[in-house]
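In: Fold the stuff below for me.
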Amino acid sequence: MTLTIVADRNNNLVRLFGVLKTLADLGPAATADRDFTDTATDVLDKTLQALDSVQGALFVFDHSAVRLNCVATAGFTSISTGSHLQLGRAQTQAWTYMRDAKIIRPEDHNILFGDNVSPLVPALKCVMPLRVSSSFVGGLLLGEREAQAEYGDCEREALGLLSGHLALLLQNHTLTESLRVQVADNLRLLSSLNHSYDDALEAFATTIDAKDLHMRGHSMRVGRYAAGMASSLGMSDAEITGIRAAGQLHDIGKVTVDKAVSNKPSALRPEEFREIADHTIMGHQIVSSVRFPWPQIPEVVRSHHERSDGSGYPDNLRLDDVSLPVRIIGVADTFDAMTSERPYRKGLSSLQAAEELVRLAPSKFDSNVVQALLVQLRWNFQGNGSQKTAPGLNGPQIPPAELDRLSISLVNKLTGNRVYSA
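Out: Numbering: from 1, shown residues only. Model (predicted):
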């Protein structure tokens, strides 16, 4: 074996380890909660480092405008983030049918870019189509490498390993942007047709829950429970309206979760749980672009899975770090989840769920909010309260004595079983 062959193999091993390290870094970089432009730039930089490239640009394919939109660039002076490359029908087909990285020759310019006059095109050395299943979602365009090295089979292999992560990043971005536009457009449309916000929010709540067979009615119930607790806590009518709206929209990020994952009857793998948990971040991104009359909605959507002891997600916030509306929705959401059927378990009774919430207060949930739920359960089963604020639960009534027992237990936990007298 010659020294040249040994050196080549060593170089390839070094490159492989570099690519594997980049793959490990791309996950956290791609899911970091920050502006998409920053995320795309970070991911592009890591990819270029793995390939020893000094020029590169990441493009997302805009199906409606039939063009490649630049979301990140490095090393090129001829293109900037936000600019685009217009494609014709023939060029779109060429990108769609391309499966692997392609070393660019002069004759490829017209095939992939048509008569596009951008000075970027002649500077390209290698391109990689980015696909999710059969869908073309974007492209990675590469220029010079360090020491003007050429792209070869090793680099094409590395691109094949990296392309899946890049494609998912672009697809998630495209989906989120589409949802943002749809949410804003639908709210404006419903309002312009003289529908009340209640009608609009009920429509959204129904759409959110429709994806999961076992979540039908969940968002509407959470909104109703939350409004009842807010009323018990003495909040104003305007605040109650906002909290009900936040409850109806709290799970809006779940529209981005794969239906197969959300309806899975068995235990979730860690990556599947992460996908579901990320609905808080995705939902926050969606609602942050809409001007609601209730300013608490983005915080509620992001933080309703936070817990008092910091064990929740996505930010591990503690009780004092979140507002009262977030604490209310957290209890309402958990109560409904406990009392609802799931593929892997039967729902608890209202009494069992209330007992569990009392047990978990104050370590997981705000005790005052849990107490407010107990008050609403008593009012509900006595037939008091309005339809829009009372929980409106079905099933056997909880005897008042049981609710009194739970209330006393909750107070005793807070006071350490101390008795005060005049």
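
In: what's downstream of whichever helix in the chain runs longest, the next helix or strand?
Out: Assignment by DSSP state H gives helix 153-192 as the longest helix of the chain. Later in the chain than helix 153-192, the nearest helix or strand by DSSP states H and E is helix 197-210.

In: Averaged pLDDT, that following helix. What do you get?
Out: Average pLDDT, helix 197-210: 73.

In: Quick check: which helices or strands does that helix pack against?
Out: If you count contacts as 3 or more C-beta pairs under 8 Å, 6 or more residues apart in numbering; DSSP states H and E, helix 197-210 packs onto helix 153-192, helix 218-232, helix 237-249. C-beta: built from backbone N, CA, C; applies to glycine.

In: That helix to helix 218-232, inter-axis angle?
Out: Relative orientation of helix 197-210 and helix 218-232, computed by axes from the mean of the first three to the mean of the last three C-alpha atoms, to 10 degrees: 130 degrees.

In: how distant is helix 197-210 from the center of its chain?
Out: Computed by C-alpha atoms, centre = their mean, to the nearest Å, the chain-centroid distance of helix 197-210 equals 19 Å.

In: With stretch 42-58 instead?
Out: So, by C-alpha atoms, centre = their mean, the centroid of stretch 42-58 is 26 Å from its chain's centroid.

In: In contact with the most centrally placed residue in the chain, which residues?
Out: Nearest residue to the geometric centre of the chain (C-alpha atoms, centre = their mean): Met282, 2.4 Å. Met282 makes contacts with Asn172, Thr176, Gly253, Thr256, as judged by C-beta atoms under 8 Å, 6 or more residues apart in numbering.

In: Most neighbours out of those, which is it?
Out: Each of the contacts of Met282 was scored for neighbours by other C-beta atoms under 10 Å, and Gly253 scores highest at 25 neighbours.

In: tell me the SS of that one?
Out: Three-state call for Gly253 (DSSP: H, G, I helix; E, B strand; the rest coil): helix.

In: Excluding residues flanking it in the chain, which one is nearest it?
Out: Gly283 (2.7 Å; C-beta to C-beta, 6 or more residues apart in numbering).

In: any idea which element that neighbour lies in?
Out: Element membership for Gly283 (DSSP H and E) is helix 279-287.

In: Now the element after the helix or strand Ile329 falls within, going C-ward?
Out: Secondary structure from DSSP H and E places Ile329 in helix 324-339. Of the helices and strands lying after helix 324-339 in sequence (DSSP H and E), the nearest is helix 350-360.

In: for that next one, which positions count as buried?
Out: Neighbour-count burial for helix 350-360 flags Ser350, Leu351, Ala353, Ala354, Glu355, Leu357, Val358, Leu360 (criterion: 16 or more other C-beta atoms under 10 Å).

In: Name the nearest of those relative to His305.
Out: Taking C-beta to C-beta as the measure, His305 lies nearest Leu360 of the buried residues of helix 350-360, at 13.7 Å.

In: quick one: the closest one from Leu410, how far?
Out: Leu360 sits 11 Å away from Leu410, going by C-beta to C-beta, to the nearest Å.

In: From Glu275, how far off is the residue nearest to the centre of the chain?
Out: Relative to Glu275, Met282 is positioned 10 Å away (C-beta to C-beta).

In: picking up where we left off before, and the buried residues of helix 350-360 as a markdown table, adding distance to Leu377 and pLDDT?
Out: Below are the buried residues of helix 350-360 laid out as a markdown table (distance: C-beta to C-beta, whole Å; pLDDT from 0 to 100):
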| residue | distance to Leu377 | pLDDT |
| --- | --- | --- |
| Ser350 | 7 | 90 |
| Leu351 | 9 | 91 |
| Ala353 | 10 | 94 |
| Ala354 | 6 | 94 |
| Glu355 | 12 | 95 |
| Leu357 | 11 | 96 |
| Val358 | 12 | 95 |
| Leu360 | 16 | 95 |
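
In: so which of those comes closest to Met128?
Out: Of all these, Met128 sits closest to Leu360, with 49.1 Å by C-beta to C-beta.

In: would you put the C-alpha positions of the helix or strand hosting Gln93 in PDB?
Out: Here Gln93 sits within helix 89-97, counting by DSSP H and E. Once non-C-alpha atoms are left out, helix 89-97 reads as follows in PDB (Å, rounded to 0.1, in the frame of the first residue of the first chain):
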ATOM      1  CA  ARG A  89     -40.300  25.000 -15.300                       C
ATOM      2  CA  ALA A  90     -37.400  23.100 -16.800                       C
ATOM      3  CA  GLN A  91     -35.100  24.200 -14.000                       C
ATOM      4  CA  THR A  92     -37.600  23.300 -11.300                       C
ATOM      5  CA  GLN A  93     -37.900  19.800 -12.800                       C
ATOM      6  CA  ALA A  94     -34.100  19.400 -12.900                       C
ATOM      7  CA  TRP A  95     -33.900  20.300  -9.200                       C
ATOM      8  CA  THR A  96     -36.900  18.000  -8.400                       C
ATOM      9  CA  TYR A  97     -35.400  15.000 -10.100                       C
END
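
In: Could I get the buried residue list for it?
Out: Neighbour-count burial for helix 89-97 flags Gln91, Thr92, Ala94, Trp95 (criterion: 16+ other C-beta under 10 Å).

In: From the contact counts, what lies against that helix?
Out: With contacts taken as 3+ C-beta pairs under 8 Å, 6+ apart, helix 89-97 sits against helix 108-113, strand 135-142.

In: Out of these, which one sits most buried?
Out: Sort the helices and strands packed on helix 89-97 by mean neighbour count, taking mean count of other C-beta atoms under 10 Å, and strand 135-142 sits at the top with a mean of 24.

In: Could you double-check that the residue nearest to Gly253 lies in contact with Val257?
Out: No: under the criterion of C-beta atoms under 8 Å, Gly283 is not in contact with Val257, lying 10.3 Å apart.

In: Assumed Leu58 was part of a helix.
Out: No: using three-state DSSP, the assignment for Leu58 is strand, not a helix.

In: which stretch of helix or strand covers the residue lying closest to it once chain neighbours are set aside?
Out: Nearest residue to Leu58 in three dimensions, chain neighbours excluded: Ala72, at 4.4 Å (C-beta to C-beta, 6+ apart). Mapping Ala72 onto the secondary structure by DSSP H and E places it in strand 67-74.
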